[in-house]
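Q: I'd like to go over a predicted model; first the sequence, then the structure.
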Amino acid sequence: MRITSALLALLSPVLASAVLAQDSGITFKSTELAPGLYMLEGQGGFTGGNLGLLMGEDGVVLIDDGLPPLIGRVQAAIDQLTEEPVDFLINTHVHGDHIGGNEALGKEGATIVAHDNLRRRLVAEGMPTATGSSAPAPDDSLPVVTFSDSVTFHLNGREAFVFHVERAHTDGDAVIHFREDNVIHAGDAVFNGMFPFIDLDSGGSVDGFIAAQERILSLTDEETRIIPGHGPLAGKQELQAAIDMLKDAHSRVRALIQAGRSEQEILEANPLADYHDDWSWQFITTERMTRTLYRALSD
């Protein structure tokens, strides 16, 4: 992964704290969304993104694998549900808080699946380390099956449709739709109840992010459960709220740019103040969200 200043600011303290968290009370909570289909959510500290798990007689499919130091905790949560090893690992995007366990699972025989661009970035730019730098990606951490547009898994009596959303959170995002179960794992194309991280330096874009969310929304109804990259389990209403917020925030910053305001003047005007209490969080604060929108609209 290319370690940009924005990404370093996001991941570096998180990865370092996760190393120290080995002796903490971090665990993973499992929530069954359909027979054999689970959301795994970290408890007791930052553990990386939310995971998905599908298991049955045809095999075990894991979606994302969290931070590197916590793969043992992830495996312990899986072991409580099944004695079988992970057969397939789907990476939703390239960030280290979602693919940190790749090497460990790859060594144990999991087939790693991801978008073409994710593998290209790992080969060219390496994997993030606990200090926020990057190192060459070990062979066992690399996807061995990649796709450009979509791929479908036919396992355990259901279909898992994995599709690419272009230039959204990054340029290699994958969303997984369990059609029969009405469940979607959105990766970091959805941050539930918080400002999203849109990694412009890794091919992401604000317009692409909104388009990705609208595509996901088109697949939902009032009963759909959405596993977001970060935040609690979501549904159609939560996703619509996220889209409405980002579109409005985008419009507010664009209006100030069109009025000739500089980045500093826009920050001082604080156009996202109305969203601060509900959407700002530790990593993507109101200021950082404003800077992202300004940069996206100015490039």
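A: Looks like it came in fine. Numbers count the residues shown, from 1 in each chain.
Q: Buried residues, the strand or helix carrying Leu267. List them.
A: Assigned by DSSP states H and E, Leu267 belongs to helix 263-269. By 16 or more other CB atoms under 10 Å, the buried positions in helix 263-269 come out as Ile266, Leu267. For the C-beta atoms, the positions are set from N, CA and C on the backbone; glycine is no exception.
Q: contacting residues for Gly235?
A: Neighbour list for Gly235: Thr220, Glu222, Thr224, Arg225, Ile226 [criterion: CB atoms under 8 Å, 6 or more residues apart in numbering].
Q: Provide a list of residues in contact with the second one.
A: When you say that, I think you mean Glu222. Gly235, Lys236.
Q: again, but for the third one
A: The neighbours of Thr224, taking CB under 8 Å, 6+ apart as the test, are Asn182, Val183, Ile184, Gly235, Lys236.
Q: how close does the fourth one sit to Ala273?
A: From Gly235 over to Ala273 the distance is 27 Å, taken as CB to CB, to the nearest Å.
Q: residue closest to the middle of the protein?
A: Nearest to the geometric centre of the chain sits Asp188, at 2.8 Å (CA atoms, centre = their mean).
Q: Please confirm that that one is located within a strand.
A: Yes: using DSSP: H, G, I helix; E, B strand; the rest coil, the secondary structure at Asp188 is a strand.
Q: what does the helix ranked longest in the chain contact?
A: In the chain, with assignment by DSSP state H, the single longest helix is helix 236-258. Applying CB under 8 Å, 6+ apart, the contact partners of helix 236-258 are 190-193, 196, 206, 209-210, 213-214, 216-217, 220-222, 224, 226, 265-266, 269, 271-272, 275, 279, 289-290, 293-294, 297-298.
Q: Now the buried members of these.
A: Using 16+ other CB under 10 Å as the burial test, those include 190-193, 196, 206, 209-210, 213, 216-217, 220, 224, 226, 266, 271-272, 275, 279, 289-290, 293-294, 297 as buried.
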